[in-house]
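# Have a look; sequence and predicted model below, questions after that.
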Amino acid sequence: MQYFSFTLNSYSLKQAARYITHILLAHLFLMLPAVYASTTDAALENIDHLKKQVAQMLMQHYSNSIKQARIEVSVATLDPRLKLAKCDIPAAMKINGNKKRSSNITVRISCNGQSPWSIFVPAKIDIYQTVATTTRDIYKGEILTLDDITTEERNTGSFRFGFAKTAAPLIGNAVTRNISSGSVIRLSHISKPIMISRGDKLTLESSIQGLAVAATVIALSKGKEGEQIRVKNTQSKRIIEAFVIAPGRVASHL
């Protein structure tokens with residue numbers, strides 16, 4: 001009876017030891033993935049951090065290069081499955097395409113360290129500026145006045161250079177095409193008005209040895225302010241070149 005009791009106790013101890021061993025192994029097995037994942041994540045670049053770096057770089061670049069503007073930067077969400085080795089040196093970032101004005105761009109991020117890699121990150125740039133717009137429909141050939149122009153904030157991110165921010169450089173110019181109400185006035189849409197037409201009778205102003213001389217001439221071609229046109233003296237019939245200075249007036253240096 002005593003021998004049986006000793007045998008049962010030994011068997012129970014072996015079972016208990018085996019059970020405890022299994023539990024410890026199970027716990028160790030469950031811990032391994034966490035340790036492995038932690039080690040792996042630490043060796044990879046943080047994708048969200050890269051996205052923030054791109055946004056900061058773009059905001060600084062456009063804020064410095066375009067004055068008096070409100071800049072908004074939107075960086076595309078990167079694929080969370082993207083696995084990039086952690087760069088042992090600062091990653092380089094470069095804007096592709098038009099660095100000054102472009103609505104949709106890409107930024108190249110490159111790691112030139114021990115584990116090199118390179119990716120392209122899409123981004124959208126919105127540049128809000130005050131620009132001159134029309135208050136009504138303007139038709140080709142009309143002369144712009146102050147009442148025709150107002151200023152509004154518009155997204156100029158997709159614009160090329162060539163728009164006015166105020167009314168001042170536009171007033172007194174003729175439009176070269178129809179412009180609908182509320183449209184941004186491009187500098188390519190305006191031109192100096194025709195001041196003189198062919199056949200107009202003009203006053204020619206000139207100076208001879210310091211003396212101011214005026215004569216009546218006929219315009220042989222049309223012209224804008226500052227342009228040189230051919231005119232014919234009504235008395236001498238002499239044809240000369242003269243500069244348009246105002247409606248009905250030209251000047252020459254004899």
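The structure has been received and is ready for your questions.
# all helices of this protein, in order?
Secondary structure of the chain (DSSP state H): helices located at 2-42, 47-65.
# Let me see the mean pLDDT of stretch 106-118.
Averaging pLDDT along stretch 106-118 yields 91.
# what about that stretch, start to end distance?
One end of stretch 106-118 sits 13 Å from the other (C-alpha to C-alpha, to the nearest Å).
# next one: it to chain centre, how far?
Distance, stretch centre to chain centre, for stretch 106-118: 25 Å (C-alpha atoms, centre = their mean, to the nearest Å).
# With stretch 246-254 instead?
From the chain centre to the centre of stretch 246-254 is a distance of 44 Å (C-alpha atoms, centre = their mean).
# now stretch 212-231
Offset of stretch 212-231 from its chain centre (C-alpha atoms, centre = their mean): 44 Å.
# ok so, going back, among the helices of the chain, which one carries the weakest average confidence?
If the helices of the chain are sorted by mean pLDDT, helix 2-42 sits at the bottom with a mean of 46.
# low-confidence ranges in the stretch 151-254 of the chain?
160-161, 254 (pLDDT under 70).
# Show me the strands in it, by range?
174-175, 190-191, 194-196, 201-208, 211-219, 223-224, 228-233, 239-246, 249-251 (DSSP state E, counting those that start in this stretch).
# The fifth one: which residues count as buried?
Across strand 211-219, burial judged by 16 or more other C-beta atoms under 10 Å covers 215, 217, 218, 219. Placement of C-beta: from N, CA and C, glycine included.
# which residues sit in contact with the closest residue in space to the first one that isn't next to it in sequence?
The spatial neighbour of residue 215 that comes closest, neighbours along the chain excluded (C-beta to C-beta, 6 or more residues apart in numbering), is residue 204 at 4.6 Å. Remark: with contacts taken as C-beta atoms under 8 Å, 6 or more residues apart in numbering, residue 204 is in contact with 214, 215, 216, 217, 231, 233, 242, 250, 251, 252.
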